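*Asks:* Quick one: sequence plus predicted model below, questions after.
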Amino acid sequence: MATATLNTDYNVAEGYFKMLNPLSDSIKIFLLKMIANSLEPRQTTEKTEKVSSLKNLFGVWANSPDTDGIEDFIKNSRTNSGLRQTVSFN
């Protein structure tokens with residue numbers, strides 16, 4: 001019985017193909033995109049999952065300090081080796 005259903009499905013697909021074949025290439029591409037978008041999403045690969053998880057971290061700071069806190073952290077983290085001399089423009 002499964003074979004009969006499969007044959008019927010192929011017959012229906014062939015009927016649609018015969019009906020759609022005369023359409024322009026741009027319309028066929030448009031229809032292909034619509035059909036592709038209607039398919040169920042496939043399981044994601046490990047690489048895709050890693051990229052998604054990295055995108056979720058975009059803009060995240062470990063303890064979410066305010067802007068002044070970030071600025072102070074950066075200034076306090078700088079080291080001066082004593083090789084540079086600052087010059088006043090006053």
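*Replies:* Happy to help now that I have it.

*Asks:* Please count neighbours and contacts with C-alpha atoms only from this point.
*Replies:* Noted.

*Asks:* what mean pLDDT would you report for the host helix or strand of E71?
*Replies:* Using DSSP states H and E, E71 falls within helix 67-77. Averaging pLDDT along helix 67-77 yields 76.

*Asks:* Does anything pack onto that helix? Which helices or strands?
*Replies:* With contacts defined as 3 or more Cα pairs under 8 Å, 6 or more residues apart in numbering; DSSP states H and E, helix 67-77 has no helix or strand neighbours.

*Asks:* next SSE after the longest helix anywhere in the chain?
*Replies:* Secondary structure of the chain per DSSP state H: the longest helix is helix 2-20. Using DSSP H and E, the helix or strand that follows helix 2-20 in sequence is helix 25-38.

*Asks:* Pull the residues that contact that following helix.
*Replies:* By Cα atoms under 8 Å, 6 or more residues apart in numbering, the list of residues contacting helix 25-38 from outside reads L20.

*Asks:* got the buried residues for the helix holding E71?
*Replies:* When neighbours are counted by 16 or more other Cα atoms under 10 Å, no buried residue of helix 67-77 is found.

*Asks:* Convert the C-alpha atoms of that helix to CSV, please.
*Replies:* The C-alpha coordinates for helix 67-77 follow below in CSV (Å, rounded to 0.1, in the frame of the first residue of the first chain):
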residue,chain,number,x,y,z
THR,A,67,30.0,52.9,31.2
ASP,A,68,32.0,54.8,33.8
GLY,A,69,33.0,51.5,35.4
ILE,A,70,34.3,50.1,32.0
GLU,A,71,36.2,53.3,31.4
ASP,A,72,37.8,53.2,34.9
PHE,A,73,38.7,49.5,34.4
ILE,A,74,40.4,50.2,31.2
LYS,A,75,42.4,53.3,32.6
ASN,A,76,43.4,51.3,35.7
SER,A,77,44.5,48.3,33.6
